[in-house]
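# My questions are about this predicted structure, shown below with the sequence.
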Amino acid sequence: MRLVNHPDRLLPVDPATRAVARELYASVAELPIVSPHGHVDPRILVDDRPFDDAAELFIRYDHYVTRLLHAAGVPFGELGIPGGGAVAAPREVWRTFCAHWELFAGTASGYWLQTTLGEVFGVTEHPDAADADRLFDLIGSALATDAFRPRALFDRFRIEVLATTDDPLDDLAPHAALAADAGFRGRVVPTFRPDAYLDPTAPGWAERVARLAELTGERETYAGYLAALAARRAHFVEHGAVSADHGVARPLTVQLDDADAAALFERGRAGALEADEARVFSGHMLLQMARMSVDDGLVMTIHPGILRGHDRPTLERFGPDMGHDIPVPVSYVEPLRPLLERYGNEPGFHLVLFTVDESTFSRELAPLAGYYPSVYIGAPWWFLDAPDAVLRFRAAVTETAGFSRGSGFIDDTRAFLSIPARHDMSRRLDAAHLARLVGEGRMPRELAERIIVDLVRDQPRRVFKL
Amino acid sequence: MRLVNHPDRLLPVDPATRAVARELYASVAELPIVSPHGHVDPRILVDDRPFDDAAELFIRYDHYVTRLLHAAGVPFGELGIPGGGAVAAPREVWRTFCAHWELFAGTASGYWLQTTLGEVFGVTEHPDAADADRLFDLIGSALATDAFRPRALFDRFRIEVLATTDDPLDDLAPHAALAADAGFRGRVVPTFRPDAYLDPTAPGWAERVARLAELTGERETYAGYLAALAARRAHFVEHGAVSADHGVARPLTVQLDDADAAALFERGRAGALEADEARVFSGHMLLQMARMSVDDGLVMTIHPGILRGHDRPTLERFGPDMGHDIPVPVSYVEPLRPLLERYGNEPGFHLVLFTVDESTFSRELAPLAGYYPSVYIGAPWWFLDAPDAVLRFRAAVTETAGFSRGSGFIDDTRAFLSIPARHDMSRRLDAAHLARLVGEGRMPRELAERIIVDLVRDQPRRVFKL
Amino acid sequence: MRLVNHPDRLLPVDPATRAVARELYASVAELPIVSPHGHVDPRILVDDRPFDDAAELFIRYDHYVTRLLHAAGVPFGELGIPGGGAVAAPREVWRTFCAHWELFAGTASGYWLQTTLGEVFGVTEHPDAADADRLFDLIGSALATDAFRPRALFDRFRIEVLATTDDPLDDLAPHAALAADAGFRGRVVPTFRPDAYLDPTAPGWAERVARLAELTGERETYAGYLAALAARRAHFVEHGAVSADHGVARPLTVQLDDADAAALFERGRAGALEADEARVFSGHMLLQMARMSVDDGLVMTIHPGILRGHDRPTLERFGPDMGHDIPVPVSYVEPLRPLLERYGNEPGFHLVLFTVDESTFSRELAPLAGYYPSVYIGAPWWFLDAPDAVLRFRAAVTETAGFSRGSGFIDDTRAFLSIPARHDMSRRLDAAHLARLVGEGRMPRELAERIIVDLVRDQPRRVFKL
């Protein structure tokens, strides 16, 4: 089956609207990529070693891909993932993937894979079982060339800024190395991700807090804990960080007075908190992170509403990020009120709210971002980073909040090679949405031309202070 | 940038479907406006004084507009709103607005403003900073002419019925004056809005209840309180009211026996209610309002699910209705069961349920209205009164409840000049939706032609007993 | 008004997309019908007696139809439903229905009725009051012919498999009779529906549990209760059942140890359970049903989130299924975790999750089915079994879960004559969705051609083990 990446893909089917969309898309198709949030490991750019093989690159670490294969009954071991039983070799993993390729028809992952196979590797046939070995070798041969080493691809993809996601105690040496490397012109910035240091119910929290104190030379008190967190944020800022990212179960924010917070902190260290108390303390710390963002300028991003590790037996065997983090209903309005009343109107404070619960787009996120100068609506991501979902997102938020209150596109990916496919998809969908508004007489074409450039080129820089 | 209100705006882009939609729209485009719920001040029609200026007319009182400017970092003072600091003069406010005009691209407010500027004032260029003064003067000159005085516009807009929203203790003198004025042919009717008299947690509730007793000559007992409310409803009915409107946090309804209700009433007057008790008492009173609607025939409208005054510091400085009333998740089915079991099948009782939580359209409102003869699905309003949201609404409710169970269009506006733009938008979207059904072979064109006339001309009269 | 069932109905309006959709639809239009879940009474096929009349066939038992007439103010008695007051004769019922025909414009019921009247009876005019008698007689004459007897229609409709829904104590004699009847070639299978035996708050639960013990010869203990349920499941399996169906208020699952479960069982028999305890016991039993499905292979279907009998006074007078079962917000992720942790990865276990809360499609059902091999996303049904809702469903789930994780189409109907219209609708909408993906360059046409055949022919057989 021929693999064709049609030049008009994702554009509206109506011919007149498609013509407008095509021109809008063309005006931004070649603009550099700004990626303010993602999960690429910076060491691949420091080392610049060739990627191993197609299985390592496309399957093994992409839980969007592995989860659907798992749902089809493929054991994780056959996908090359250790955790019990045999672990297949890369070529075997690739064969299994190719044999199941049609599972991905109509999915976002399938779209990115098809785009990447075609645009990056020049593949012209859809994967299938019979062709698996040839494809594995074709990709393998390409990866062995200098043109496919990480830095070469970084340039080819026109990536201007790439943010990583990092532990507060990370020394950020890879970022420092890249910044100091005259031969590397890209900007790779860390992101402060303190979840496991803020939630007393996270396994190992007390030990982590102790290491935090040790590394920063602060005392193991509540005041020392706050000072240590601020110190690590400063370390991140020194290394180019522009944002701090918060993945919380619920977006609760609470303002405790110092004495109460200190008491909960001490009981947390002793492992003596009730579940409710732990939630309150986490909510207090989320509000403290907002306060620190006001102080140090790091953009605050929050993405609540995921039950992580739903399948506990699998979590225990295979570890996290295996595709069974599942969204739950979420509401932002009441839980974020304490934070927004304090800092929502604070000049320079930027708060990006992501969701995986679509019902919040028109109900909560657009109204909040349409009022609070600090609030930006996070681009649809994770399960919602897909063509139809993105168009639903644009239709749901724009009528209330316009275009200025969005975060700009976020790829949020650990799959380095999928970055251009993802940004290209977003640009096509922005063109599709704007072309519809033009076609329905709701926007002058001239304005749509300006807006799409702003969305792609300026908005992520503005919102993430790049 | 040329401002063009395209004659086919909001109609589907597919040419054949657009042709059908165009004819459907044409059949209702010029029909008179019936506005059964809104917030226009009736005194502007009594006095018939010229409007002041463009800033007063389009910005100062329109929290759809001011909130998005606030989100862009414009202080309320620069929008002419007092509450601390300097208050800009109207011309300055207008300049600020014009400089930020592109914020409104793609929003419902932007659409109405563009329609109104073009259709009512003949403006042919989009506002911008350079053109602001010329536009301010052009509008100012128009407003100074007789053709732009409120009554002349009321006639020009072909408004047949306009409902206002009023405090239960209002004497309704403006309504009486308009009814008695042989020179004014429109019908302006009050709406009974008793929220602040039913919720013991509303600031000033006890004083308000005392004034209610005083004005009606009833005793300050629970029985007197009910009698006083009934008396004020009768006063509204005498002045032409057709509905009573209820904006509640949650749509709770409760049936207490008289002794329990009286006890809560007394404790409420003493300021001694717990939060839960206050909620129960409010829920009991909402059910009492339904009972009174059964008795006196006032259509009952309920719009729950808004957290009002989310940004309390701003609420304290600038007062209510500043754009930070934010929707929260809501469900109607269980909380309204006591009310619907009692009165849901009562002949003549009309209950219109509005929402700002889209997830309730197909899940709750269409199923409820598709069964209970009393229940009508409120037109999408507030954040959802926008082209894409309206089409989502139609698609979500029609397949379960058909067209007969809707409220008819509600503009809910305090912006008098936007009324024709809003009703015109609704008519275009009804045409768009029906034309799609015709194009998809789901409805004969002949039937679509009848339905659109019913939706625009008959449905609001039927549902609101006009 | 001419009744035309356009050959391209429900296909996209864009001509190029419609052309693709038309060919996709044509490839599956004539395939046999597999109906793995529904409510047709098997005795109509055993007896093969002519249907009575149009009112009996289309109105009296179809609560999709009666509820909208009830909402329009028609008393149930005028629809031929006993429960107090006069009960209209069939011809009168039909006249009332025809006079209100336009209420159904744009609804799913209206679509099915129009399709059935045209395609099955050759009706060429829309019903209306003037034509009611002629139509009643025309349908009546047809029904009196052999070609319109149930078995003849079963053949004409190309039904290959038809599942019924049955009480656990049912002897399944009609199924046995049909299986033994050499003159009947269809496959009619029962479905085990144990709700009323699992929920101690269901009226008559203790008596039902006693009868269960009596019929199976088990003791009236908790262990006997489990054994009796397993025995009845075995009885169903012997009679061809492939699934067990669970309609629960909330999808709670709980694992109790045997002693705790036995204690709750005994207190339930004594009528002494608190509401919370009853919920826990029901949740425990839902998990036991999963365990038994793992053992005996019956596909487990769950459809939570309906408040049944919302209008209690009407429930008391007219009984259940009168159109006032109303959806409420629902979430699956946390309540089903105990079940899925135990059995979610169990080979051969199939769990189909239905919803009437659309917000769960992208938020919960697609992510769960995109990970757990056992979980399939139930086709949109009940209020959501309608053209726009189905397209929203496809758009909401496919990007995460692809096409392989769906249940296949489920008609869930008690209206035998509507079966072909419903399956045809689903096939058209699958074609519409796939054609859009082809038109947007997201799927090769060749793959769409394979997928639609899989969806219609293979998926229901695979998921329901047919």
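Happy to help now that I have it. Numbers count the residues shown, from 1 in each chain, chains lettered A, B, ... in the order given.

# Check which element follows the strand or helix carrying A:Arg232 along the chain.
Per DSSP states H and E, A:Arg232 falls inside helix A:222-238. Per DSSP H and E, the first helix or strand lying C-terminal to helix A:222-238 is strand A:243-246.

# Now do that following strand: which elements does it pack against?
Applying 3 or more CB pairs under 8 Å, 6 or more residues apart in numbering or on different chains; DSSP states H and E, one finds that strand A:243-246 contacts strand A:191-192, helix A:275-296, strand A:299-302. Yep, even glycine has a C-beta here, placed from its N, CA and C like the rest.

# Show me the strands paired with it, marking each as parallel or antiparallel.
strand A:191-192 (parallel), strand A:299-302 (parallel) (DSSP bridges).

# now those in a markdown table, with mean pLDDT and mean neighbour count?
What follows is the strands paired with strand A:243-246, written out as a markdown table (pLDDT from 0 to 100; neighbours: other CB atoms under 10 Å in any protein chain shown):
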| stretch | mean pLDDT | mean neighbour count |
| --- | --- | --- |
| strand A:191-192 | 98 | 25 |
| strand A:299-302 | 98 | 24 |
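
# Which residue ranges of the stretch 1-150 of chain A form strands?
Secondary structure of the stretch 1-150 of chain A (DSSP state E, counting those that start in this stretch): strands located at A:33-35.

# The stretch 251-400 of chain A now?
Going by DSSP E, counting those that start in this stretch, the stretch 251-400 of chain A shows strands at A:299-302, A:306-307, A:326-327, A:351-353, A:375-377.

# To C:Ala89, which of those lies closest?
Relative to C:Ala89, the nearest member of the strands of the stretch 251-400 of chain A by CB to CB is strand A:326-327, separated by 53.1 Å.

# avg pLDDT for that closest one?
The average pLDDT within strand A:326-327 is 98.

# which outside residues touch that strand?
A:305-307, A:310, A:356-357, A:382-383, C:333, C:363-364, C:367-368, C:371 (CB atoms under 8 Å, 6 or more residues apart in numbering or on different chains).

# Which residue is the nearest non-sequential neighbour of A:His235?
Leaving aside its sequence neighbours, A:His235 sits nearest to A:Leu172 (CB to CB, 6 or more residues apart in numbering or on different chains; 7.0 Å).

# quick one on the thing from earlier: list the helices and strands the helix holding A:Arg232 packs on?
Going by 3+ CB pairs under 8 Å, 6+ apart, helix A:222-238 lies up against strand A:191-192, helix A:205-216, helix A:258-269, helix A:275-296.

# so of those, which one's packed in deepest?
With neighbours defined as mean count of other CB atoms under 10 Å in any protein chain shown, the helices and strands packed on helix A:222-238 peak in mean count at strand A:191-192, which reaches a mean of 25.

# Which helix or strand lies directly C-terminal to that strand?
Following strand A:191-192 in sequence, per DSSP H and E, is helix A:195-198.

# Show me the contact partners of that following helix.
A:167-168, A:202, A:204-205, A:208-209, A:212, A:229, A:246-248, A:282, A:285-286, A:289.

# Relative to the whole chain's centre, how far out is it?
18 Å (CA atoms, centre = their mean, to the nearest Å).

# for stretch A:364-379, same thing?
19 Å.

# That one and chain B in contact?
Yes. Applying CB under 8 Å from any CB of the partner chain, one finds stretch A:364-379 touching chain B at A:364, A:366-373, A:375.

# For the residue in the stretch 351-466 of chain A that chain C sits nearest to, give its distance to chain B.
Using CB to the nearest CB, the single residue of the stretch 351-466 of chain A nearest to chain C is A:Ala386, 3.5 Å away. A:Ala386 sits 18 Å away from chain B, going by CB to the nearest CB, to the nearest Å.

# same deal with A:Ala227?
28 Å.

# Could you give the number of residues near A:Asp257?
8 (other CB atoms under 10 Å in any protein chain shown).

# One more: A:Ala86?
Neighbours of A:Ala86 (other CB under 10 Å): 10.

# Chain neighbours aside, what residue packs nearest to it?
Using CB to CB, 6+ apart, the closest residue to A:Ala86 is A:Gly77 (5.2 Å).

# contacting residues for the one you found?
A:83-88.

# Please give me every residue in contact with A:Pro347.
A:Pro347 touches A:373, B:73, counting by CB under 8 Å, 6+ apart.

# again, 6 Å this time
Contact analysis of A:Pro347 by CB atoms under 6 Å, 6 or more residues apart in numbering or on different chains lists nothing.

# next one: A:Ala401
A:366, A:369-370.

# swap in A:Glu346?
Counted by CB under 6 Å, 6+ apart, A:Glu346 has contacts A:Val294.

# any idea how far it lies from chain B?
A:Glu346 sits at a distance of 11 Å from chain B (criterion: CB to the nearest CB).

# A:Thr216 versus A:Ile410, what's the distance?
30 Å (CB to CB, to the nearest Å).

# And A:Ala129, by the same measure?
54 Å.

# try A:His303
Taking CB to CB, one finds A:His303 at 26 Å from A:Thr216.

# which pair in the residues of stretch A:364-379 next to chain B spans the largest distance?
A:Glu364 and A:Pro373 (17.0 Å).

# Look at these two and report which has more neighbours.
A side-by-side neighbour count of A:Glu364 and A:Pro373, using other CB under 10 Å, places A:Glu364 first with 28 against 22.

# for that one, what are its contacts?
A:332-333.
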